[in-house]
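S.K.: below is the structure, and that's it, no one-letter string:
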């Protein structure tokens, strides 16, 4: 919605969206029967998302508070996803976030800017 509010648009074809994405498509690793290999691919995808949302935060900080707030909340969720994959890969707590209940997205609740 924020893209449209700013006068932008999105491609209608999902492949076009993926093609303009800052991150490469996730892929099935060669050793696809090894869950750790799949987790590594997913971890790489989350780390790319973190870098991308950090760039959006950097671009909008002090210039567009609504977009900055939205990007910052999405960034926090991506960091949480990264923590999950790290926990699964290394079988120990990451020390990041804890949810109150499964599916809760504390960083994407409506804020004062929406």
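M.R.: All right, it came through fine. Keep in mind that what you see is a predicted model, and the values were worked out from it rather than measured. Residues are numbered from 1 along each chain as shown.

S.K.: low-scoring stretches of the protein, by residue?
M.R.: By pLDDT under 70, the weakly predicted segments of the chain are 94-114.

S.K.: need the contact list for the spatially most central residue of it.
M.R.: In the chain, the residue lying closest to the centroid (C-alpha atoms, centre = their mean) is residue 78, at 3.6 Å. For residue 78, the contact set (C-beta atoms under 8 Å, 6 or more residues apart in numbering) comprises 46, 49-50, 53. Yep, even glycine has a C-beta here, placed from its N, CA and C like the rest.

S.K.: among these, which ones are in helices?
M.R.: With helices taken from DSSP state H, the overlap with the contacts of residue 78 comprises 46, 49-50, 53.

S.K.: can I get those residues in CSV with distance to residue 66 and neighbour count?
M.R.: CSV is the format used below for these (distance: C-beta to C-beta, whole Å; neighbours: other C-beta atoms under 10 Å):
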residue, distance to residue 66, neighbour count
46, 25, 21
49, 20, 20
50, 21, 19
53, 15, 21
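
S.K.: between these, which is nearest residue 61?
M.R.: residue 53 (12.3 Å; C-beta to C-beta).

S.K.: hmm, the closest one is touching residue 70, no?
M.R.: No - counting by C-beta atoms under 8 Å, residue 53 stays clear of residue 70, with 9.7 Å between them.

S.K.: how far away is residue 71 from residue 26?
M.R.: For residue 71, the distance to residue 26 equals 21 Å [C-beta to C-beta, to the nearest Å].

S.K.: between those two, which one's more packed in?
M.R.: Set residue 71 next to residue 26 and count neighbours by other C-beta atoms under 10 Å: residue 71 wins out with 22 against 13.

S.K.: give me the element that one is part of.
M.R.: Taking DSSP states H and E as the criterion, residue 71 maps to helix 65-90.
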